[in-house]
Every structure is written in C-alpha cells, then in structure tokens.
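Enquirer: sharing a model that was predicted from the sequence below.
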Amino acid sequence: MSLKVTLFGGTGQGKTTYTLALLYQMAAGIDGFRIEAEDADTSTKYLNPWRDFVIARKWPAPTMGRREDTFSLLFNNEFITEFRWVDYQGGAINITTDESDEAAQLHADIQESNAVIIVADAFTIATRPRIEAEMLTSSTYIFNLLNSYKFKEAARGVGMAQGITIALVLTKADILPEEYKENNYQRLFEQAREVFRGVVSFAEEQRAHTSSLRPWLYPAAMIPVSVAGEGNASVVDPGRGYELATVNLDNPPDPVNIHYPFLYAIGNELDRNALYMEEQEEELEARLSKLNRNVLNRILRGRSIKQVHEERQAVAEKLSEMEPKIRAVTTVANKKMRSLIPS
C-alpha cells in the first residue's frame, strides 16, 4: 500500500521551511518514528538547505516548481507504509491551469491524494483583517480546489470510497501576539476557522451525512507549529499589503510540533483503509447469509464457500497486521491536533 500526501499553500506561508524541518526531524527520528528516502540523494537535497538555515541562519529559498519523492515510514525500525510526498511552491494554487502546467499538475495531484497538508501563516491569520488574511493565505483558492476535486464528488455520490484527510499547519506560532497563545491557542483556532471557513463548513457538512457518507471519510484538524521555536525569532516588520512580516532568526532553531500534522495525515489514511476492510468483511458475510443456494452459486461464479471464507480470512489477517501500526501512528498524532470542525 502506497499513500500520496500533497503539501501546498499560498506564497510566503512558511511551507518550504516547514518541509525542511519536518523531513530533517523525521529522517533523524522522533517519538520512535523515522522516514527513509528511496535514495540518499533525496535526503541530501532536503538536508543541505536545512543545514544552511541552522548554521548560517539563512532562510531557505522558496520551493520552485513541484517535487515528488518516495519515502518509507518506520516505527521502532519496523516498516509501516510507503508514501509519496508531493510538495509545491507557494502560489501554485493561485494560477489557472491554462496558464501553467504546474497548476494543472497540482489539480491532478489533489484528485489522487489520500491526504493534503495545507500550510498557512498563523501570524497573518492573527494580525491582518480577515479578508486580507483570506487572500494572503489563499484560503478561498484552497477551498475552491478541494471543492472541485474532492467535496463535489461526495455531494454527487461519486467517489464515495475516497474522502480525504485535511491537516492545516499554522506556521510561525512562536511570533504570535500573546493573546493568541493563551488557553492553548484558543483565539488562533477560532480565527483560523473563520479564515478557512469554506473548508471547515464543507467538511462539517459531509461528515454530518452519516446516513449516506461515512463520517471518517473527512478527518480534518489543525495545529500551531514553530520551526524557530519559542523566543528564537523576532518580528522586524509586521508587513503591509502584499508584504508579509519580516522575521529574523536570532538563535538556532528548536522546532515545535512539526511532525504531528504529517503523522495525522498518514495515520488517518491507514485507519480509513482498515475501516474499508472491516466493511468489506461485514458486508460479504451479511450478504452471503441472506442468499439462497441458487443465487449464491451465481454470485460465487464457481468459487466455493470455502474460497469466500478464505478471502474473508485474508481481510481479517490484513486488519490484524495493520491495527498496531495504525495505533502507533494515531496515538502520537491525535494527542496534539485540534479538530478543524468546532465541537
């Protein structure tokens, strides 16, 4: 099983620095988890700019174009899953497909993704008027893209077996005004839900349709993160208009909460796969028990009851194999993430 995770966001939201911090931490290992790249050059490609950031305190150059790399996720050195990591430059979301091949590819990647990680600048969300924050974070563009390729499918009854996991990463949390950090970032969460209200309301609506749509098809959560770490960066200029805040890195970075959105995305997709398998097993058993012999023979198409039972056993064994892996990932991820949908 190979998963696909796509990371994107607006221009200047901290996506490149977040990605470098995440892949550094996961390559080194954290909370028992680590990733292995398909080849050594992939790791070097990400570690070199991270080294320059740490040692020279030089903010990395923005991601250019599209990157796709394949990694394996391990827990206590045991393989969990393979995944494809797709990373876009900031602003790719704001370009139409007839203007850019990259924009067209982003649309295709969203269609194919099991999970998306959306990166948004928490300082912008907290300090700018809401309508400016919506434009600068590209929240409306993001909703439009998800609505076109994921949400509308569910509304039409198409692609019901897909769904998507949404993780909203609120970067630069260390430089937030103090009132946005109080009560475990409660005010920031409220503001983020307003800025990303399109995504929030639609995911909420889809999850509410429990009679026709499984609510676990659309897990959605957010978390404030910091690459610099508390007290290690300072705001030189808060920004105005299109100009975002200018920030200095005063001390070596000490990343906070970086790995949780990634583990949330992977863990929920593993969980979704397991739930599908459970449904397959339960539905097969229920249908077989209700059918008479003649109908049963036509459905089996030459297979014996024993063969069908063996298929069910294979599903059960796969579930048994996946369960501890799922628990390992989700236990860590869910303890920090806050639901995007208000309770």
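Expert: Looks like it came in fine.
Enquirer: residues near Asn184, how many?
Expert: Neighbourhood size, Asn184 [other CB atoms under 10 Å]: 9. Where C-beta positions appear, they are placed from N, C-alpha and C, glycine not excepted.
Enquirer: where's the helix or strand where it lies relative to the chain centroid, distance-wise?
Expert: Per DSSP states H and E: Asn184 is located in helix 182-195. Averaged C-alpha coordinates place helix 182-195 at 19 Å from its chain's average position (CA atoms, centre = their mean, to the nearest Å).
Enquirer: just so I have it, where are all the helices in this protein?
Expert: Along the chain, the stretches classed as helices by DSSP state H are 15-28, 40-56, 101-112, 122-127, 130-137, 139-146, 152-156, 182-195, 197-208, 260-290, 293-300, 305-334.
Enquirer: what's the most buried one of those?
Expert: Across the helices of the chain, averaging neighbours per residue (mean count of other CB atoms under 10 Å) puts helix 122-127 on top, at a mean of 25.
Enquirer: what does that one contact?
Expert: Residues outside helix 122-127 that contact it (CB atoms under 8 Å, 6 or more residues apart in numbering): 13, 132-133, 136-137, 170-173, 175-177, 180, 187-188, 191-192, 195, 224, 235, 238-239, 244-245.
Enquirer: likewise for stretch 73-81?
Expert: Residues outside stretch 73-81 that contact it (CB under 8 Å, 6+ apart): 1-3, 32-36, 72, 82-83, 266, 270, 325, 328-329.
Enquirer: which one of these is nearest Gly229?
Expert: Using CB to CB, Phe33 is the member of the contacts of stretch 73-81 that sits closest to Gly229, with 19.9 Å.
Enquirer: for Leu23, see how far away the residue nearest to the closest one when sequence neighbours are not counted is.
Expert: Excluding the flanking residues, the one nearest Phe33 by CB to CB, 6 or more residues apart in numbering is Phe75, at 5.5 Å. Distance of Phe75 to Leu23, computed by CB to CB, to the nearest Å: 17 Å.
Enquirer: make CSV from the helices of the chain and add mean pLDDT to it.
Expert: Below are the helices of the chain laid out as CSV (pLDDT from 0 to 100):
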stretch, mean pLDDT
helix 15-28, 94
helix 40-56, 90
helix 101-112, 83
helix 122-127, 98
helix 130-137, 97
helix 139-146, 91
helix 152-156, 54
helix 182-195, 97
helix 197-208, 83
helix 260-290, 74
helix 293-300, 52
helix 305-334, 69
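Enquirer: mind putting these in TSV, distance to Ala228 included?
Expert: Formatted as TSV, the helices of the chain follow (distance: least, CB to CB, whole Å):
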stretch	distance to Ala228
helix 15-28	9
helix 40-56	10
helix 101-112	28
helix 122-127	12
helix 130-137	19
helix 139-146	24
helix 152-156	38
helix 182-195	16
helix 197-208	27
helix 260-290	17
helix 293-300	60
helix 305-334	22
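Enquirer: Arg66: which of the ones you listed is closest?
Expert: Once these are compared by CB to CB, helix 101-112 is nearest, at 5.7 Å.
Enquirer: using CSV, write out every CA atom in that closest one.
Expert: Output of helix 101-112 as CSV, limited to C-alpha atoms (Å, rounded to 0.1, in the frame of the first residue of the first chain):
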residue,chain,number,x,y,z
ASP,A,101,1.4,23.1,-16.5
GLU,A,102,2.3,23.1,-12.8
ALA,A,103,-1.1,24.3,-11.8
ALA,A,104,-2.7,21.6,-13.9
GLN,A,105,-0.5,19.0,-12.2
LEU,A,106,-1.5,20.4,-8.8
HIS,A,107,-5.1,19.8,-9.7
ALA,A,108,-4.3,16.2,-10.7
ASP,A,109,-2.3,15.6,-7.5
ILE,A,110,-5.2,16.8,-5.4
GLN,A,111,-7.5,14.4,-7.2
GLU,A,112,-5.2,11.5,-6.5
